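Participant: Sequence plus the predicted model coming up.
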Amino acid sequence: MSEAKLAGRYVLVEKIAAGGMGAVHKATDERLGRTVAVKMLRADLAGDPRFVERFRREARAVAALSHPNIAGVFDYGEGEDDYFIVMEYVDGKDLAELMRSEGPLGPERSAAIAAGTLDALQHAHSSGVVHRDVKPGNIMVTAPDRGRSSSRTDTEKVKVTDFGIARAVGDSTLTATGSVLGTAHYLSPEQASGGTIGPATDQYATGIVLYEMLAGTVPFTGDSPVAIAMRHMSDELPAPSSLNPDVSPELDAIVRRATNKEPAERFPDAAAMADALRAVGDPTAAGDVAGAVPLGGTTSVLGGGGDTAVLSGAGSGAATGPAGARWDPQRIGRAVLLTFAALIIIALLLLFFRLVTSEDEDPTRSERRRDQRAEAPAGAETEAAEDPGQEEEEESVTIPSDIVGKTFDDAEAELTDDLGLVVESSPAPSNDFAPDIVIDSSPGPGSTVTRGDTVTLTVSTGPEESDDEEEDEEEEDDDDDDEEDDKPGSPPGKGPKESKGKGPKDKD
C-alpha cells in the first residue's frame with residue numbers, strides 16, 4: 001500500500017492482519033524510530049458512537065497492562081474519520097498460522113505456549129480486564145533463537161493481543177442484545193447461554209486452544225456459529241489423547257478441567273492452570289500436578305472413590321461429575337434456538353423502526369441503548385443467579401460515590417463492565433443537570449451490593465418547562481402578531497391576521 005502517516009508520526013508500511021474490528025498495519029514511529037503495529041477501526045464502525053467509545057475505553061484499559069506476555073499498547077489517536085491504536089509489534093506468527101503450517105505442536109510445546117498465555121491472562125484478570133476472545137489468532141509466537149538454546153520452548157515467546165478490544169466485534173461471532181459473546185469455536189457455555197462472563201471464561205477458551213494444539217483440530221465443529229455454540233453447551237469434550245496418543249493423562253485432565261461446563265469447577269484462576277501445565281513438564285513436580293488438577297472437593301486423585309477420578313492412568317475420557325446433570329442438551333438447544341430467533345425478530349424490528357424514523361432527528365446514544373435494553377429477550381438474561389452452586393461465591397461490590405454527575409453511558413459502563421451489575425434507567429427532569437447526566441441511583445452511591453444486582457440510575461432529561469411558561473410564550477407570540485398587523489404601510493391586499501379556526505374576538 002502507499003505510505004500514509006497518522007498523527008504526524010506513524011508511517012503505515014504494510015497491512016499484516018485483518019479482523020472484525022479492523023485492519024492491523026506494520027508501521028514506523030518516526031518520532032522514536034521504532035517499528036510498531038497500528039490497528040485501525042473499520043470505517044463502517046467509526047460512524048457508530050458506541051463502537052468508538054468501546055474502542056477508546058478498551059485502549060485505555062489495556063494501556064495500563066504491562067507484562068512480558070502481553071503486546072503493549074503505546075498510543076491511541078483520533079482523526080476526522082480515523083480511530084487507531086498503536087501497539088507493540090511482535091515479530092512472529094500468530095498461533096493459528098503456526099498450526100496451519102505445522103499441525104499439532106506436541107505436548108511440551110503446547111503446554112509451554114498455553115502457560116505463557118495464562119500468565120498474560122492472570123495479569124489482566126488481576127487488573128480487572130477480561131479478554132473474552134482468546135483464540136489462536138490473538139496469540140503471537142515469536143520465532144525461536146536457535147543460537148541461544150537447543151530447546152524451542154526455551155526461546156519461543158508468547159504475546160497475547162487484542163485484550164478487551166476484540167470483544168466488540170469478531171469474525172464468526174454471536175451477538176446478544178448488543179454485546180459480542182466471542183468466537184464460536186472457543187465460546188464458553190456461559191457466553192453461549194448469556195450467563196456471567198469472567199476470568200473463568202478466558203480459562204475455558206485457553207483450554208480449547210490447548211486442545212487444538214494437542215489434537216490438531218478444534219473439538220467442536222458445525223454448520224453455523226449457533227450449532228457450534230450448542231455443542232459447547234451440551235456435548236462432552238473428547239480427550240486430546242483420542243486423536244494424539246502422545247498426549248499424557250495429565251494433559252488430558254488439565255484440558256478436561258479447564259473446559260468444564262460449570263465455571264466454578266474449573267481451575268481457581270489462570271495461574272493455577274499455568275502451574276499445572278508447568279508441573280506436567282517437570283518430573284519432580286508430579287505431586288504438584290495431582291494437587292492442581294482435581295475438580296474441587298468431590299474429586300479423588302489417582303483412582304480414589306470420588307465422583308471424578310483424575311490422573312488414574314486408565315481413563316482418558318472426559319469427566320462426568322454431578323454438574324453435568326444441569327446441562328440438558330435438549331433443554332439448552334431449545335433455549336438457544338428461541339433466544340436467537342428472538343434476536344432476529346428484534347433486529348428486524350429495530351431496522352424497521354430506523355427506516356420509519358429516518359427523517360426524524362436521531363435519538364441520543366443513551367436513548368438507543370435504553371430502547372435496546374427494554375426490548376431484550378428474556379432468554380438472553382443470565383442464568384447464573386438460578387444456580388444454587390454459585391450462591392456461596394457471591395461477591396460484594398460498592399457503587400462508586402462519584403456516579404452522580406457522569407453521563408449515563410460512562411456510568412453504565414463502569415457498573416456493568418467493572419462491577420458486574422445490571423443497570424436500568426429512570427428518566428426524570430432536572431433544573432440542575434444537563435440531559436443524559438446521572439442525578440441519582442438506587443441503591444444510592446456508596447452502597448454495598450452483590451455482583452449481578454440491579455442498580456437503577458435516575459437520568460436527567462433536562463429542565464421541565466412549566467405550563468405557565470408555555471402560555472406566556474404563546475401570548476407573547478400573539479402580541480407580536482397583533483403588532484405586525486397594526487403597523488402602517490402593510491403590503492396591499494393583506495389585512496390583519498386571523499387565527500385559524502377562531503372567529504374575531506368580541507369586544508365589550
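Facilitator: Perfect, thanks for sending it. Model, not experiment: these values are computed from the prediction.
Participant: Residue 73 and residue 30, how far apart?
Facilitator: Per C-beta to C-beta, to the nearest Å, residue 73 is found 19 Å from residue 30. Where you see a C-beta, it was placed from the backbone N, CA and C, and this is true even at glycine.
Participant: Residue 460 now?
Facilitator: Residue 460 is 46 Å from residue 30, by C-beta to C-beta.
Participant: Which one of these two is surrounded by more residues?
Facilitator: Taking other C-beta atoms under 10 Å, residue 460 and residue 30 do not tie; residue 460 has more neighbours (20 against 12).
Participant: quick one: contacts for the more buried one?
Facilitator: 427, 428, 429, 430, 433, 434, 435, 436, 437, 438, 439 (C-beta atoms under 8 Å, 6 or more residues apart in numbering).
Participant: name the element the fifth one belongs to?
Facilitator: Residue 433 belongs to no helix or strand when elements are defined using DSSP states H and E.
Participant: Is it correct that it is in contact with residue 440?
Facilitator: No. With contact defined as C-beta atoms under 8 Å, residue 433 does not reach residue 440; the gap is 9.7 Å.
Participant: Of those two, which one has the most company?
Facilitator: With neighbours defined as other C-beta under 10 Å, residue 433 and residue 440 compare such that residue 433 has more, 20 against 17.
Participant: need the contact list for that one.
Facilitator: Counting by C-beta under 8 Å, 6+ apart, residue 433 has contacts 405, 439, 460.
Participant: Just name the shakiest helix or strand of the protein by mean pLDDT.
Facilitator: Lowest by mean pLDDT, DSSP states H and E among the helices and strands of the chain is strand 308-310, with a mean of 29.
Participant: Tell me where the model's unsure across the stretch 151-300 of the chain.
Facilitator: 151-154, 164-182, 281-300 (pLDDT under 70).
Participant: at 90 what do you get?
Facilitator: Applying pLDDT under 90 to the stretch 151-300 of the chain flags the ranges 151-156, 161-184, 191-197, 222-227, 229, 280-300.
Participant: quick one, helices of it?
Facilitator: For the stretch 151-300 of the chain, applying DSSP state H, counting those that start in this stretch gives helices covering 152-155, 189-192, 199-215, 225-234, 249-258, 270-280, 286-292.
Participant: The ones you listed into JSON lines, with extra columns for mean neighbour count and distance to residue 19?
Facilitator: Formatted as JSON lines, the helices of the stretch 151-300 of the chain follow (neighbours: other C-beta atoms under 10 Å; distance: least, C-beta to C-beta, whole Å):
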{"stretch": "helix 152-155", "mean neighbour count": "15", "distance to residue 19": "27"}
{"stretch": "helix 189-192", "mean neighbour count": "24", "distance to residue 19": "18"}
{"stretch": "helix 199-215", "mean neighbour count": "26", "distance to residue 19": "16"}
{"stretch": "helix 225-234", "mean neighbour count": "22", "distance to residue 19": "16"}
{"stretch": "helix 249-258", "mean neighbour count": "26", "distance to residue 19": "25"}
{"stretch": "helix 270-280", "mean neighbour count": "22", "distance to residue 19": "23"}
{"stretch": "helix 286-292", "mean neighbour count": "17", "distance to residue 19": "34"}
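Participant: so which of those comes closest to residue 264?
Facilitator: helix 199-215 (7.7 Å; C-beta to C-beta).
Participant: which residues of the stretch 301-450 of the chain score low on pLDDT?
Facilitator: 301-406, 408-436, 438-441, 443-450.
Participant: Let's see that with 70 instead.
Facilitator: 301-337, 353-394.
Participant: Out of the contacts of residue 460, which is nearest to residue 196?
Facilitator: residue 438 (24.0 Å).
Participant: outside of the helix or strand where that closest one lies, which residues touch it?
Facilitator: According to DSSP H and E, residue 438 maps onto strand 438-442. Strand 438-442 has contacts (C-beta under 8 Å, 6+ apart) with 399, 403-408, 411, 428, 430, 432-433, 455-460.
Participant: Give me the buried subset of these.
Facilitator: Buried subset of these (neighbour count, 16 or more other C-beta atoms under 10 Å): 399, 403-404, 406-408, 411, 430, 433, 455, 457-460.
Participant: among those residues, which two are most distant?
Facilitator: Of all pairs drawn from those, the widest gap by C-beta to C-beta lies between 399 and 430 and measures 19.6 Å.
Participant: Am I right that residue 449 is in a strand?
Facilitator: Yes. Judged by DSSP: H, G, I helix; E, B strand; the rest coil, residue 449 forms part of a strand.
Participant: Surely it and residue 421 touch.
Facilitator: Yes. In this structure residue 449 lies within contact range of residue 421 using C-beta under 8 Å: 6.8 Å.
Participant: For these two, list the residues in contact with both.
Facilitator: 397, 399, 455.
Participant: Can you redo the residues you listed as a markdown table, where the extra columns are secondary structure and distance to residue 215?
Facilitator: A markdown table is the format used below for these (DSSP: H, G, I helix; E, B strand; the rest coil; distance: C-beta to C-beta, whole Å):
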| residue | secondary structure | distance to residue 215 |
| --- | --- | --- |
| 397 | strand | 40 |
| 399 | coil | 46 |
| 455 | strand | 44 |
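Participant: What are the boundaries of the helices in the stretch 1-150 of the chain?
Facilitator: Under DSSP H, counting those that start in this stretch, the stretch 1-150 of the chain gives helices at 43-46, 49-63, 95-102, 107-126.
Participant: So for residue 222, which of the ones you listed sits nearest?
Facilitator: Of the helices of the stretch 1-150 of the chain, nearest to residue 222 by C-beta to C-beta is helix 95-102, at 18.6 Å.
Participant: partners of the residue lying closest to residue 411 once chain neighbours are set aside in the sheet?
Facilitator: Spatial nearest neighbour of residue 411, excluding adjacent residues (C-beta to C-beta, 6 or more residues apart in numbering): residue 438 at 4.8 Å. Per DSSP bridges, the residues bridged to residue 438 are residue 459.
Participant: burial count for residue 438?
Facilitator: Other residues close to residue 438 by other C-beta under 10 Å number 22.
Participant: those helices in the stretch 401-508 of the chain, which residues are they?
Facilitator: 408-413, 467-486.
Participant: Looks like residue 186 contacts residue 138 (just checking).
Facilitator: No. Using C-beta under 8 Å as the test, residue 186 is too far from residue 138 to be in contact (9.7 Å).
Participant: Distance-wise, check residue 75 relative to residue 89.
Facilitator: 13 Å.
Participant: Looking at those two, which one has more neighbours?
Facilitator: residue 89 (22 against 17).
Participant: residues contacting residue 91?
Facilitator: 142, 143.
Participant: surely residue 395 meets residue 449?
Facilitator: No. Contact criterion C-beta under 8 Å: residue 395 and residue 449 do not qualify, at 10.1 Å.
Participant: quick one, which of these two is more surrounded?
Facilitator: Per other C-beta under 10 Å, whichever of residue 395 and residue 449 has more neighbours is residue 449, with 17 against 10.
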